[in-house]
Every structure is written in structure tokens, then in C-alpha cells.
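Undergrad: give me a model of this one.
(chains A and B)
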Protein chains: 2
Amino acid sequence: MDDLKFNSDGLIPVIVQEAADTTPPRGRVLMMAWMNKESMERTLATGKMHYWSRSRGKLWFKGESSGHTQEVVRWYVDCDKDTLLFEVRQTAGACHTGYESCFFQGFDPRGNRLPIGEKPLFDAGQVYAKP
Amino acid sequence: MDDLKFNSDGLIPVIVQEAADTTPPRGRVLMMAWMNKESMERTLATGKMHYWSRSRGKLWFKGESSGHTQEVVRWYVDCDKDTLLFEVRQTAGACHTGYESCFFQGFDPRGNRLPIGEKPLFDAGQVYAKP
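TA: Next comes the predicted model:
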């Protein structure tokens, strides 16, 4: 853990993948976010994903307001120790738009947009509405 | 394509996943790397993954020396257009260590190292040896 390479902003990129029953994991990629040391420590201590929100400049407990938490099942460090991959059990959907994954808009190899072949899992307006 | 958000260094993170027959894709995550506009254009023009090597400061055609190229099958932009996910057909293995994926070292939720349950697919010393 001590040898993880955080970048000059103190952050490390985290790929988040739905937990699969396969070894190696073959689940859907849900999102990418960033952790600093504190969010990494909180994640390991609680078993729930915590990030660093670059836009809000603060610790971000995923699901704190929406209830859409992510339970850690297993995680990986890459070969040069500057990227993490977390397998998680995702409640509802990971994306703030309501889709299961943030990667719902596909393209063919030439860059032509593909139809979106799925529906949002929840009403984002409702879940993320500000009172 | 024109609305992709490259960071202040002109780069965008790219998650690389083995192509799967499933929709949505459920393949193994192979690596993460970075693209600038030029590598993105080359990737779309050739159908083979091109990155920006931050360590070498130059365009990086994956597999140029090793032959371990990555053929683009499909790709995705995330909801806020600052991360890409590419589904690829990987020749041999993606990792410079010889493993199929750069994410071969797993940990349990508390951070305890797990045994590596696989073998390298090729002899990295041979493939990446400098003459």
C-alpha cells in the first residue's frame, strides 16, 4: 500500500468494475474516479468506496446522498503501481445520469456513434435533486 | 469527438478492456493509459490502439516493438466526456511484465495481498529485450 504512486496532486486513478464470479474478473466497467490517501484509507477501513471529488475538492463517499453505495469485493494494483482497479457490488446504478455505468454511449472503431441499448435504472432528477 | 475533455496536459485517460461477446461488455480490464488528440486520431484511422507515452513523451503505437497490438472493437465515452473505455482484441498479453493484464496483483477489501492466480503469457525479457 505504501508503495502506491499518487500523482503530483496526491491522486491515483481508480477504475471501478462490477464484481463478477469469474477469476480474472469479467464485469462491466462502471466508472473511473480518483482517490487520495485519505479516501483510500476510508475505503479499506469501511469496505465502501470513497473517492476524492476533484470538482468539489473534498472527500466523496459514493452513495452518501443517493444511497447508491459500492461495496468492495476485491481490488488490484497495476504493474507500475499508479492505477487501481476495484471490483464492487453496486447498489442501483453507478452513473449520476441514472444509467448503470457511466460508459453508456458507444462508438464504432471509426468514431460513429452507436445507439444506446439500455435504459436508465433510476430517475436521476429524483435521486440527485437538490431540496 | 470534438467535445471530449482533454486535461490541462492535453490528455484523456483510457481504460482498455478485452472485447467480449456480451452487451454491455464484460471483459477483463487489461490496462489504463493516456491519449492526446493525435493518438486518438491515429487510433480511429488505423483501428489499432495508439497512446501518448508520458514517460517517453511521444506517440506510442501499442505493440510497435512487441507485436502485441490491440485491435479496436468498440469504444465508449463516459457521462462527463473526460474518460474513454476501449474494447479491444489483444494479441498475446497487454502488460510489459508478460501477464495478460496489468492488474494481476489482487488484494482483499482490507488490503491483504492475494496470491497471483495466473502465469505470464510470454517472456517479457525476450519480447522487450533491447538489442
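Undergrad: from here on, contacts and neighbour counts on C-alpha atoms
TA: OK.
Undergrad: quick one: contacts for the residue sitting furthest away from the middle of chain A?
TA: Residue farthest from the centre of chain A, counting by Cα atoms, centre = their mean, is residue A:110 at 27.1 Å. By Cα atoms under 8 Å, 6 or more residues apart in numbering or on different chains, residue A:110 lies in contact with B:44, B:45, B:47.
Undergrad: quick check: mean pLDDT across the host helix or strand of residue A:45?
TA: Using DSSP states H and E, residue A:45 falls within helix A:37-46. Per-residue pLDDT values over helix A:37-46 give a mean of 98.
Undergrad: picking that back up, same for chain A: which of the contacts of residue A:110 are within range?
TA: Counting by Cα under 8 Å from any Cα of the partner chain, the subset of the contacts of residue A:110 that neighbours chain A consists of B:44, B:45, B:47.
Undergrad: which strand or helix spans the residue farthest from the centre of chain A?
TA: Counting by DSSP H and E, residue A:110 is part of no helix or strand.
Undergrad: touching, residue A:29 and residue A:16? I think so.
TA: Yes. Using Cα atoms under 8 Å, residue A:29 is in contact with residue A:16, at 6.0 Å.
Undergrad: right, and residue A:3 touches residue A:81 too?
TA: Yes. If you go by Cα under 8 Å, residue A:3 and residue A:81 touch, sitting 7.3 Å apart.
Undergrad: the more surrounded of the two?
TA: Taking neighbours as other Cα atoms under 10 Å in any protein chain shown, residue A:3 and residue A:81 compare with residue A:81 leading, 17 against 8.
Undergrad: for residue A:75, see how far away residue A:114 is.
TA: Distance of residue A:114 to residue A:75, computed by Cα to Cα, to the nearest Å: 31 Å.
Undergrad: which residues touch the nearest residue in space to residue A:70 that is not next to it in sequence?
TA: Nearest non-adjacent residue to residue A:70, counting by Cα to Cα, 6 or more residues apart in numbering or on different chains: residue A:90, 4.6 Å away. If you count contacts by Cα under 8 Å, 6+ apart, residue A:90 has them with A:18, A:68, A:69, A:70, A:71.
Undergrad: mean confidence (pLDDT) on stretch A:111-125, please.
TA: The model assigns stretch A:111-125 a mean pLDDT of 95.
Undergrad: only alpha carbons, please: show that stretch as PDB.
TA: What follows is stretch A:111-125, C-alpha atoms only, in PDB (Å, rounded to 0.1, in the frame of the first residue of the first chain):
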ATOM      1  CA  GLY A 111     -15.900   7.000 -34.300                       C
ATOM      2  CA  ASN A 112     -19.600   6.700 -35.400                       C
ATOM      3  CA  ARG A 113     -22.000   7.000 -32.500                       C
ATOM      4  CA  LEU A 114     -23.900   3.800 -31.700                       C
ATOM      5  CA  PRO A 115     -27.500   3.700 -30.400                       C
ATOM      6  CA  ILE A 116     -27.700   3.400 -26.600                       C
ATOM      7  CA  GLY A 117     -29.000  -0.100 -26.000                       C
ATOM      8  CA  GLU A 118     -30.300   0.300 -22.400                       C
ATOM      9  CA  LYS A 119     -32.400   2.400 -20.200                       C
ATOM     10  CA  PRO A 120     -31.500   4.300 -17.000                       C
ATOM     11  CA  LEU A 121     -32.000   2.300 -13.800                       C
ATOM     12  CA  PHE A 122     -33.300   5.200 -11.800                       C
ATOM     13  CA  ASP A 123     -34.700   8.700 -12.200                       C
ATOM     14  CA  ALA A 124     -31.600  10.900 -11.800                       C
ATOM     15  CA  GLY A 125     -33.700  14.000 -11.300                       C
END
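Undergrad: that older thread, packing partners for the helix holding residue A:45?
TA: strand A:50-53, strand A:58-61 (3 or more Cα pairs under 8 Å, 6 or more residues apart in numbering or on different chains; DSSP states H and E).
Undergrad: for the first one, give the mean pLDDT please.
TA: The average pLDDT for strand A:50-53 rounds to 98.
Undergrad: repeat that for the last one.
TA: Strand A:58-61 shows a mean pLDDT of 98 in the predicted model.
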